[in-house]
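Participant: Sequence unavailable; structure follows:
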């Protein structure tokens, strides 16, 4: 029983073993004193099954006078042993530890020790501080979050850009969407078919920024941060895809039209069309691409409204009617000519404007002039120049006798007055055309085998051969802003066909392809064919950039007849 001590005090027994003594701190040991053993009891070992010996207590006086007897052994507290390596031992499974020994040993105990429950509190607080400190550092030093992060429908890892980009690229490459067609067929398409690409670099950057902006939400493990995928769309390719695969027109809508045929405003009704399409299909495809979310839609039949309806043209019809309700009369000499409604309708330009839900109606002054030329054809004719030639002896001979002509001197003023009057409330418009005599001019020519005379005022061109006129054609020479030069020149080069370019009067550039039968006679001024002007221009309107234009057949005749070196005389 060397390592076992049993104390009995006030009916309470304490058993201390060598193991228990080992784990007691010095302070705890010093609290055990002799006074804890009062009242004094005799300690005996009792065999099992025997009655306990009677314990008697003597007064203190008797103890002092009684003869000296051997005292019963009183347990003594051993002196605190010097620290020495404790032998390895195993706690006896049948010997429970005292209550104060339960709890974690965070550190090797040296000196005073906190109670066990305070040790638990201290450990928990320290662990929490470490955890919070670590999370806070992560929050401010990187894109840390306990929650999930998605780019569209793709799970990514913001702290690993490479992995995130790979996940996005892989998902985009394998993503498909389906369109179901009216014939019960369905087709699957990839994003590239629609001209759409996913930018994984920008998407990952957006996701990282979103995580950094979470604040304390980054600790909410149940929170999911979702950002849209950044896509790039080729507008031309996307439109072509939608037009071909998403919006399939089966019957094109017909717009309403308006005309002034036969002197009356007439509206042709509109007609609605229909198509199989996906309403908002382009938006749905783009939205699905930003999320890589499943998309399967069916094309449905929808009505296609015309861009311009009959009701849209009501105001234009009223305007045309107002124009045609005018009465326009021209006086030429002793004759009065009243313009018919059909003729007046030809003076109008009518242009549909679907975007503005109407049609523009305006008066074309050039068409009024063409009309006046047609009604004065027998009253107006050009003067013919007189061509003379000086002989070697100094005498002069007349190669071509000159003839006086007649012209209208106020044509431009009359055209302007009529155009302005048509824009007013319906009323009578009366204009008088003034005819004047046009005296012929005289042109002196040398003794040429072949030469060309271009009368710029009368808009005629003549071919002379040995003093005789062999060809007369109608021309359109330089406009007032870009006149044809006047003088005597020679053809210096020729081209059967040429693309022409140059400057307009306003400084802009023009380009006219495939101009045929070109004969240059002065700088960039030539005689050539003109296929882009109406036939009514030739002999009536000078409208070129300076060249002398005629119809292609006449231009070819002069091209073949006049070789390089042929004289060209231009007069007014």
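Facilitator: In hand now; what should we look at? Keep in mind that this is a model prediction, so the values were computed, not measured.

Participant: contacting residues for residue 306?
Facilitator: Shown in contact with residue 306 (C-beta atoms under 8 Å, 6 or more residues apart in numbering): 253-256, 270-273. Just so you know, the C-beta spots here come from the backbone N, C-alpha and C atoms, and that holds for glycine as well.

Participant: can you rerun that using 10 Å?
Facilitator: 252-256, 269-273, 312, 354 (C-beta atoms under 10 Å, 6 or more residues apart in numbering).

Participant: quick one: it is in a strand?
Facilitator: No. Secondary structure of residue 306 (DSSP: H, G, I helix; E, B strand; the rest coil): coil, not part of a strand.

Participant: how much space between it and residue 250?
Facilitator: Remark: distance between residue 306 and residue 250 (C-beta to C-beta, to the nearest Å) = 15 Å.

Participant: what about the closest residue to residue 357 other than its chain neighbours, how many neighbours?
Facilitator: The shortest distance from residue 357 to any residue other than its chain neighbours is 4.4 Å, reached at residue 312 (C-beta to C-beta, 6 or more residues apart in numbering). Neighbourhood size, residue 312 [other C-beta atoms under 10 Å]: 22.

Participant: how far away is residue 312 from residue 169?
Facilitator: The separation that residue 312 has from residue 169, given C-beta to C-beta, amounts to 50 Å.

Participant: Next, the distance between the ends of stretch 184-192.
Facilitator: Stretch 184-192 has an end-to-end distance of 24 Å (criterion: C-alpha to C-alpha, to the nearest Å).

Participant: Now do the buried residues in that stretch.
Facilitator: Neighbour counts over stretch 184-192 (16 or more other C-beta atoms under 10 Å) mark 189, 191 as buried.

Participant: Averaged pLDDT, it. What do you get?
Facilitator: Stretch 184-192 carries an average pLDDT of 89.

Participant: Contacts for that stretch next, please.
Facilitator: For stretch 184-192, using C-beta under 10 Å, 6+ apart, the contacting residues are 172-181, 193, 196-198, 231, 233-234, 237, 241, 245-246, 285, 288-289, 292, 295-296, 298.

Participant: returning to that earlier point: the contacts of residue 306: which two are farthest apart?
Facilitator: 252 and 312 (17.9 Å; C-beta to C-beta).

Participant: ok, the closest residue to residue 561 other than its chain neighbours - contacts?
Facilitator: Nearest residue to residue 561 in three dimensions, chain neighbours excluded: residue 463, at 6.3 Å (C-beta to C-beta, 6+ apart). Residue 463 is in contact with 450-453, 469-473, 554, 557-558, 561-562, 566, counting by C-beta under 10 Å, 6+ apart.

Participant: Swap in 7 Å and give it another go.
Facilitator: Taking C-beta atoms under 7 Å, 6 or more residues apart in numbering, we find residue 463 in contact with 452, 469-471, 558, 561.

Participant: cool, residue 482 as well?
Facilitator: Per C-beta under 7 Å, 6+ apart, neighbours of residue 482: 505, 545-546.

Participant: Where does the closest residue to residue 157 other than its chain neighbours fall, secondary structure wise?
Facilitator: For residue 157, ignoring the flanking residues on the chain, the nearest one in space by C-beta to C-beta, 6+ apart is residue 163 at 5.1 Å. For residue 163, the element it lies in under DSSP states H and E is helix 161-174.

Participant: which phi and psi does residue 152 have?
Facilitator: For residue 152, the backbone dihedrals (degrees, to the nearest 10) come out as phi 70, psi -120.

Participant: My read is that it contacts residue 291, right?
Facilitator: Yes. The pair residue 152 / residue 291 is scored as a contact, 4.0 Å apart, by C-beta atoms under 7 Å.

Participant: Comparing the two, which shows the higher neighbour count?
Facilitator: residue 152 (23 against 17).

Participant: Could you list the low-confidence segments of this structure?
Facilitator: The chain contains residues with pLDDT under 70 at 1-114, 117, 119, 128, 130-143, 249, 446-447.

Participant: Could I get the full set of helices for it?
Facilitator: 18-23, 26-30, 60-65, 116-141, 161-174, 200-212, 235-241, 281-291, 314-324, 341-346, 365-375, 411-422, 552-561 (DSSP state H).

Participant: Looking at those, which is nearest to residue 431?
Facilitator: helix 411-422 (4.6 Å).

Participant: In terms of distance to residue 333, which of the contacts of residue 306 ranks first?
Facilitator: residue 256 (45.3 Å).

Participant: Might one say that the closest one is in contact with residue 270?
Facilitator: Yes. Shown here, residue 256 and residue 270 form a contact pair, counting by C-beta under 7 Å, at 3.9 Å.

Participant: Now the common contact residues for those two.
Facilitator: 306, 308-310.

Participant: can you list those in a markdown table and add distance to residue 340?
Facilitator: Shown next, in a markdown table, are the shared contacts of residue 256 and residue 270 (distance: C-beta to C-beta, whole Å):
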| residue | distance to residue 340 |
| --- | --- |
| 306 | 33 |
| 308 | 29 |
| 309 | 31 |
| 310 | 27 |
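
Participant: quick check, nearest of those to residue 401?
Facilitator: Closest to residue 401, out of all of the shared contacts of residue 256 and residue 270 and judged by C-beta to C-beta, is residue 308, at 60.2 Å.

Participant: now the helices of the chain as TSV including distance to residue 479?
Facilitator: Converted to TSV, the helices of the chain look like this (distance: least, C-beta to C-beta, whole Å):
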stretch	distance to residue 479
helix 18-23	121
helix 26-30	123
helix 60-65	153
helix 116-141	77
helix 161-174	61
helix 200-212	57
helix 235-241	40
helix 281-291	48
helix 314-324	28
helix 341-346	23
helix 365-375	12
helix 411-422	13
helix 552-561	19
